[in-house]
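*Asks:* Sequence below, structure please.
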Amino acid sequence: MSLPAILAIVIATVVAMEIYAWAMHKYVMHGFGWAWHRDHHEPHDNMLERNDLYALVGAAMSIGLFAWGSEIVLGDAAWEPATWIGVGVLIYGVIYTFIHDGLVHQRYFRFVPKRGYAKRLVQAHKLHHATIGREGGVSFGFVWARDPAKLKAELRRQREAGIAVVRESAGA
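*Replies:* Numbers count the residues shown, from 1 in each chain. Below you'll find the predicted structure:
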């Protein structure tokens, strides 16, 4: 494969992973997969969360794609683009780890952004955590963040409609 084709696959995969992560977060993590995700929304002092199992799912996807693209594993049945899709999944996982777990939840380092897109990401995700329980909510993506003012308005609408229970400290 040519370098431009490889780069296109990797970049497209990283973008697609944000869309996939949004859908997984909204419909699986806040749906039938809530048992794994619940502890992420509740205060605790544990180093690990059951929610971290979702990272293992992403790692398994990446490893599976690497295997599918590997001639060492599959011989002539290997499909080379799978390797580069696996790289895109891996890169998204690293971005997620640094942005969501590191920057937003400060699991690995302490840095509170004062301005710019990093501040917007933190604000958007804090508004995601403003609801109690799995119902309702805003900002299900991990890298793309909507305007916090619009998210607050949406939370207010959800609270008024009885869709979501919003924490008092959320200001929505």
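*Asks:* could you pull out the strands for this protein?
*Replies:* Taking DSSP state E as the criterion, the chain carries its strands at 131-132, 165-166.
*Asks:* For residue 45, give its distance to residue 39.
*Replies:* Distance, residue 45 to residue 39, by CB to CB, to the nearest Å: 11 Å. Placement of C-beta: from N, CA and C, glycine included.
*Asks:* roughly how far apart are the residue nearest the centre of the chain and residue 73?
*Replies:* Residue closest to the average C-alpha location in the chain (CA atoms, centre = their mean): residue 142, at 3.9 Å. As judged by CB to CB, residue 142 and residue 73 stand 30 Å apart.
*Asks:* next one: residue 15
*Replies:* 27 Å.
*Asks:* Looking at the two, which one has more neighbours?
*Replies:* residue 15 (14 against 11; other CB atoms under 10 Å).
*Asks:* quick one on the thing from earlier: before we move on, what's the pLDDT of the residue nearest to the centre of the chain?
*Replies:* pLDDT, residue 142: 88.
*Asks:* can you pull the contacts of it?
*Replies:* By CB atoms under 8 Å, 6 or more residues apart in numbering, the residues touching residue 142 are 18, 21-22, 25, 96, 99-100, 125.
*Asks:* Kindly recompute the last result at 7 Å.
*Replies:* 18, 21, 96, 99-100 (CB atoms under 7 Å, 6 or more residues apart in numbering).
*Asks:* So which of those residues is the closest to residue 50?
*Replies:* Residue 50 lies nearest to residue 100 out of the contacts of residue 142, by CB to CB, at 15.7 Å.
*Asks:* Tell me how many other residues surround that closest one.
*Replies:* 19.
*Asks:* List the residues that contact it.
*Replies:* residue 142.
*Asks:* what ranges do the helices span in this structure?
*Replies:* Secondary structure of the chain by DSSP state H: the helices cover 3-23, 34-37, 53-69, 71-74, 80-96, 116-128, 148-160.
*Asks:* Would you reformat those helices as CSV and include distance to residue 137?
*Replies:* Converted to CSV, the helices of the chain look like this (distance: least, CB to CB, whole Å):
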stretch, distance to residue 137
helix 3-23, 12
helix 34-37, 11
helix 53-69, 16
helix 71-74, 40
helix 80-96, 18
helix 116-128, 6
helix 148-160, 8
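*Asks:* Which one of these lies nearest to residue 106?
*Replies:* helix 116-128 (9.4 Å).
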